[in-house]
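[1] requesting a structural model of the entry that follows:
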Amino acid sequence: MTQHRATPQTTALRQRLAELRGPAVAPHPLDARALAALAANPGCKRRALLDGAGVDKAVLATALGSPAAFGQSQFAFMRGNAFEAKVKADGGTELMRLLYERLGGGSEAPREVLVPDLTAAGPEGRAARTALALREATGAGGWALLDHPMLALEVAGSPAYLEPDAVVVHPDGRWTVVEIKSFPMIDSSADAAKVGAAARQSAVYVLALERIAAVTQGAEVGHRVLLVCPKDFSNLPTASVVDVRKQRAVTRRQLTRLTRIEEIAAALPEGITFDPECSPQQLTAAVESVTAAYAPECLAACELAFHCRAKARSAGAVQALGRSVRGELGGLTTVSDVLAAAAGKEGDPADPTVAALRRAAALRAKVLERATGTAAPEDGTVCR
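    Numbering: from 1, shown residues only. As a prediction, this is how the structure comes out:
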């Protein structure tokens, strides 16, 4: 197996990211869920840098005084682990049965399933061991179940290590990602939002697997993922097939748009650190030194969203109203700018956005005048 040596540039970047993280702080792993959220907002340099440096954003948000108000409960976490253990019991017998029923194709039903040992030192070692196990299983031409393999994917110039629930190797060389979730599948249908999140997460695993398949003879990564959930209101597992080609294409395109981490880090002022031992004032200055691209959707996907929302609101930024509104307003970046343009106090009348705002303000004034018999305020404020 080829050994990859770190270049001086890579070593320097790792040292720089360690300084940003804090000398005594271990890197926080970037999982597929966080990576899918990052890909959904590629313009946010703040998240790209913090995730690339391994900063624990939940700890950082708490230190800033804006703790994240979401996350999986301990009960849900334990229930999910118990269900996954049930699905994988007896060498994955039930899992392989479900997979063959949904994706068996023309190959024979699994009789003997290889379950390779994937233990190794550190994420790099586990990723290398997983790649070797995938090649060996593909070459053997039989069924193989890789339990919690470790995959590597380059994100903005920095490696991210991902751990799917399972990957199955088919006799024909296909590799299938298996996602095991604890939300129920009632009458063969699950919550669309949760299925969509699982599909985006699985698409990240598919992209990581494709890097290995590209150098493995006879291998092909399937774009149909097996989603395993509890059936109805029981604890019995059932499964459905989710096609992630659309999510894969979107995620791949968005990841290529991410600014490389070394470029973001190089633009930071000297002495910047996100060490949670620093004072809230120092951490606030550090966070604000990196530009963000806040949108209301961040509230469900990023631990720093409440901090970013508070800053956007205090600045009167129109991005707090949503991406669609922000896009419609063009060069008008604050609410005060929008109101001034609508009132005719500022803005170029030839600008289509300004013209549209003034037409809207005039229509509103007419409606209010007819309804109340009084003229509407000229400053664009809303009557109460």
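[2] didn't Ala156 look like it was pressed against Ala48?
    Yes - assessed by Cβ atoms under 8 Å, Ala156 is found in contact with Ala48 at 5.3 Å. Bear in mind the C-beta positions are built from the backbone N, C-alpha and C, glycine included.
[3] who has more neighbours out of those two?
    Ala48 (25 against 22; other Cβ atoms under 10 Å).
[4] which strands or helices does the helix or strand harbouring that one pack on?
    Element membership for Ala48 (DSSP states H and E) is helix 45-53. Helix 45-53 sits against helix 8-21, helix 32-40, helix 57-64, helix 261-266, with contacts defined as 3 or more Cβ pairs under 8 Å, 6 or more residues apart in numbering; DSSP states H and E.
[5] could you pull out the strands for the stretch 101-250 of the chain?
    113-114, 143-147, 151-155, 158-162, 166-169, 174-180, 220-221, 224-230, 237-243 (DSSP state E, counting those that start in this stretch).
[6] which of those has the lowest mean pLDDT?
    Among the strands of the stretch 101-250 of the chain, strand 158-162 carries the lowest mean pLDDT, a mean of 86.
[7] list the pairing partners of that one within its sheet, with orientation.
    strand 151-155 (antiparallel) (DSSP bridges).
[8] distance from the strand it pairs with to the middle of the chain?
    13 Å (Cα atoms, centre = their mean, to the nearest Å).
[9] between that strand and helix 32-40, how many degrees?
    Angle, strand 151-155 to helix 32-40, by axes from the mean of the first three to the mean of the last three Cα atoms, to 10 degrees: 20 degrees.
[10] tell me, how many neighbours does Tyr294 end up with?
    Neighbours around Tyr294, by other Cβ under 10 Å: 26.
[11] could you pull up phi and psi at it?
    phi -70, psi 140 (degrees, to the nearest 10).
[12] which one, of the strands of the stretch 101-250 of the chain, ends up nearest to Asp275?
    Proximity to Asp275 (Cβ to Cβ) singles out strand 158-162 among the strands of the stretch 101-250 of the chain, at 19.0 Å.
[13] before we move on, the earlier item: looking at the strands of the stretch 101-250 of the chain, spot the one closest to Pro352.
    strand 151-155 (37.5 Å).
[14] give me the contacts around the closest one.
    30, 35, 38, 51-52, 123-124, 127, 130, 159-164, 204-205, 207-209, 211-212, 255, 258 (Cβ atoms under 8 Å, 6 or more residues apart in numbering).
[15] switch the cut-off to 6 Å
    Residues external to strand 151-155 that are found in contact with it (Cβ atoms under 6 Å, 6 or more residues apart in numbering): 127, 159-162, 208.
[16] show me which of these are buried.
    Neighbour-count burial (16 or more other Cβ atoms under 10 Å) applied to the contacts of strand 151-155 gives 127, 160-162, 208.
[17] distance to Leu268 added to these, as JSON lines?
    Shown next, in JSON lines, are these (distance: Cβ to Cβ, whole Å):
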{"residue": "Ala127", "distance to Leu268": "29"}
{"residue": "Ala160", "distance to Leu268": "21"}
{"residue": "Tyr161", "distance to Leu268": "25"}
{"residue": "Leu162", "distance to Leu268": "27"}
{"residue": "Ala208", "distance to Leu268": "29"}
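[18] picking that back up, find residues that contact each of Ala156 and Ala48.
    Shared contacts of Ala156 and Ala48, counting by Cβ under 6 Å, 6+ apart, come down to Leu258.
[19] quick one: Thr251 and Ala203 touch, right?
    Yes - with contacts counted by Cβ atoms under 6 Å, Thr251 reaches Ala203, the gap being 4.9 Å.
[20] looking at those two, which is more packed in?
    Set Thr251 next to Ala203 and count neighbours by other Cβ under 10 Å: Ala203 wins out with 27 against 24.
[21] got the CA coordinates for the helix holding Ala48 in CSV?
    Presented in CSV, the C-alpha positions along helix 45-53 are these (Å, rounded to 0.1, in the frame of the first residue of the first chain):
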residue,chain,number,x,y,z
LYS,A,45,-16.3,31.2,4.9
ARG,A,46,-16.8,31.2,8.6
ARG,A,47,-18.3,27.7,8.7
ALA,A,48,-15.8,26.4,6.2
LEU,A,49,-12.9,27.6,8.3
LEU,A,50,-14.3,26.4,11.6
ASP,A,51,-15.2,23.0,10.3
GLY,A,52,-11.9,22.7,8.5
ALA,A,53,-10.0,23.6,11.6
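[22] farthest pair in the buried ones among the contacts of strand 151-155?
    Ala127 and Ala160 (10.4 Å).
[23] so which strand or helix has Leu268?
    Going by DSSP H and E, Leu268 is not in any helix or strand.
[24] number of residues surrounding it?
    15.
[25] which residues touch it?
    Ser289.
[26] mind running it again at 8 Å?
    20, 289-290.
[27] now swap in Val25 and tell me
    55-56, 275-276.
[28] give me that answer again for 7 Å
    Asp275 (Cβ atoms under 7 Å, 6 or more residues apart in numbering).
[29] per-residue confidence for it?
    At Val25, pLDDT is 88.
[30] then Thr334?
    The predicted local confidence for Thr334 is 90.
[31] just checking, it touches Gln319?
    No - using Cβ atoms under 7 Å, Thr334 is not in contact with Gln319, being 9.8 Å away.
[32] ok, those two, which is more surrounded?
    Gln319 (21 against 14).
[33] now that one, nearest residue through space, not along the chain?
    Nearest residue to Gln319, sequence neighbours excluded (Cβ to Cβ, 6 or more residues apart in numbering): Arg326, at 4.8 Å.
[34] burial check on Arg174, number of neighbours?
    Count around Arg174 with other Cβ under 10 Å applied: 19.
[35] poorly predicted segments of the protein, please.
    1-10, 69-73, 106-107, 373-384 (pLDDT under 70).
[36] can you redo the contacts of Leu268 as TSV with neighbour count and distance to Asp232?
    Output for the contacts of Leu268, formatted as TSV (neighbours: other Cβ atoms under 10 Å; distance: Cβ to Cβ, whole Å):
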residue	neighbour count	distance to Asp232
Leu20	23	48
Ser289	13	51
Val290	20	46
